[in-house]
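# Pasted the sequence and its predicted model underneath.
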Amino acid sequence: MLLNIFNKKTLSFQELFPDGFYDIHSHLLPGIDDGAKSLEDSIELIQLFRSVGIKNLTTTPHVLGEVWPNTPTIVNDKLDSVRKELLKNNITDINLNAAAEYMLDDVFMELLKDKNLLTIKDEFILVEFSYINHPENVFDIIFEIQTQGYKPILAHPERYNYFHNNRDMYLKLKQIGCYFQLNLLSLTDYYGTYVQKVAVHLLENNLIDFLGTDIHHKKHFSFLDKIGTKKNVRLLRPILRNNEILRNA
């Protein structure tokens, strides 16, 4: 319940998401991308999620060319090892699943052709652009993703600096059916004040569909309780439950 929220200067993460939060973007599987480095790291990060009330997670390791050439077999094997370690540590209240965060590159197009993709749920896939520039044929790629029966969710659109002075691209991507997932830490100054301003702009213009933590390491958790300002509460309130449509049983 979000009652009397304006009586406090900020809300804790648990107060902002009082019934828990289903996270669809994180990097918790050990040793396969720039997230958790070991099985011990994975368990520690999941314990930190528990400490802020997040017990439903679909973690999303990168799939990026030859840098992180993760396959469904690799991802699912790592998921299985983490689930077993959770049980060994008597952690039984975590619902942990895995998908992927796909870089839209040539390797992705081959995976798409083979329909060899890990979805968050059903046909929803999490995709990302390079931080240097988006693909020149981005609209064709989005169309091809949809033609193959998938629904693309663009991870952290607020973090692509080349869109900051070309905000019409956000509208164009939305108009062709691309969903947007905001990183919650973008509502703090973690990625810089300009990313923060763009995140607010996207929320104010009703362009965000889903929310995610994009947790990679322990430092990220220290910023979660900075999210619950009065302004952020007002902006987030209309979409707090959107992630539920992606929840796995």
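Looks like it arrived, so ask away. Numbering: from 1, shown residues only.

# Give the burial count for the residue nearest to S186 when sequence neighbours are not counted, as a bare number.
Excluding the flanking residues, the one nearest S186 by CB to CB, 6 or more residues apart in numbering is A199, at 4.0 Å. To be clear about C-beta, it is placed using only N, CA and C from the backbone, and glycine gets the same treatment. Counted by other CB atoms under 10 Å, the residues lying close to A199 total 25.

# could you pull out the helices for this structure?
In the chain, the segments counted as helices under DSSP state H are 13-16, 39-51, 72-88, 106-114, 138-147, 161-164, 168-175, 193-204, 218-224, 230-236.

# Can you say which of those helices is packed in most?
Mean neighbours per residue, mean count of other CB atoms under 10 Å, is largest over these for helix 13-16, with a mean of 20.

# So which other helices or strands are in contact with that helix?
strand 228-229, helix 230-236 (3 or more CB pairs under 8 Å, 6 or more residues apart in numbering; DSSP states H and E).

# How about the residue nearest the centre of the chain, nearest residue that isn't a chain neighbour?
Nearest to the mean C-alpha position of the chain, by CA atoms, centre = their mean, lies H25 at 2.7 Å. Leaving out its chain neighbours, the residue that sits closest to H25 by CB to CB, 6+ apart is G212, at 3.0 Å.

# Which strand residues bridge the one you found?
On the basis of DSSP bridges, G212 is bridged to N183.

# Pull up the per-residue confidence for it.
G212 carries a pLDDT value of 97.

# So it is in contact with A155, correct?
Yes. Between G212 and A155 there is a contact at 7.2 Å, judged by CB atoms under 8 Å.

# Now render the helices of the chain as a markdown table, adding mean pLDDT and distance to I245.
Below are the helices of the chain laid out as a markdown table (pLDDT from 0 to 100; distance: least, CB to CB, whole Å):
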| stretch | mean pLDDT | distance to I245 |
| --- | --- | --- |
| helix 13-16 | 90 | 20 |
| helix 39-51 | 97 | 20 |
| helix 72-88 | 98 | 22 |
| helix 106-114 | 94 | 23 |
| helix 138-147 | 97 | 18 |
| helix 161-164 | 96 | 26 |
| helix 168-175 | 97 | 17 |
| helix 193-204 | 97 | 18 |
| helix 218-224 | 92 | 23 |
| helix 230-236 | 95 | 16 |
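
# Redo those as TSV? Include distance to L64.
Rendered in TSV, the data for the helices of the chain read as follows (distance: least, CB to CB, whole Å):
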stretch	distance to L64
helix 13-16	29
helix 39-51	20
helix 72-88	13
helix 106-114	8
helix 138-147	15
helix 161-164	19
helix 168-175	20
helix 193-204	21
helix 218-224	20
helix 230-236	29
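
# The ones you listed: which one's closest to E66?
Closest to E66 of the helices of the chain, according to CB to CB: helix 106-114, at 7.9 Å.

# can you list contacts of the closest one?
Helix 106-114 has contacts (CB atoms under 8 Å, 6 or more residues apart in numbering) with 63-66, 69, 102, 117, 127, 141, 144-145, 148, 150.

# just the angle between it and helix 72-88, please?
Taking axes from the mean of the first three to the mean of the last three CA atoms, to 10 degrees, helix 106-114 and helix 72-88 form an angle of 90 degrees between their directions.

# In PDB, list the C-alpha atoms belonging to helix 106-114.
Presented in PDB, the C-alpha positions along helix 106-114 are these (Å, rounded to 0.1, in the frame of the first residue of the first chain):
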ATOM      1  CA  ASP A 106      25.300 -10.300 -36.400                       C
ATOM      2  CA  VAL A 107      25.500 -13.200 -34.000                       C
ATOM      3  CA  PHE A 108      22.100 -12.300 -32.700                       C
ATOM      4  CA  MET A 109      20.600 -12.400 -36.200                       C
ATOM      5  CA  GLU A 110      21.900 -16.000 -36.600                       C
ATOM      6  CA  LEU A 111      20.300 -17.000 -33.300                       C
ATOM      7  CA  LEU A 112      17.100 -15.300 -34.300                       C
ATOM      8  CA  LYS A 113      17.000 -17.200 -37.600                       C
ATOM      9  CA  ASP A 114      17.400 -20.400 -35.700                       C
END
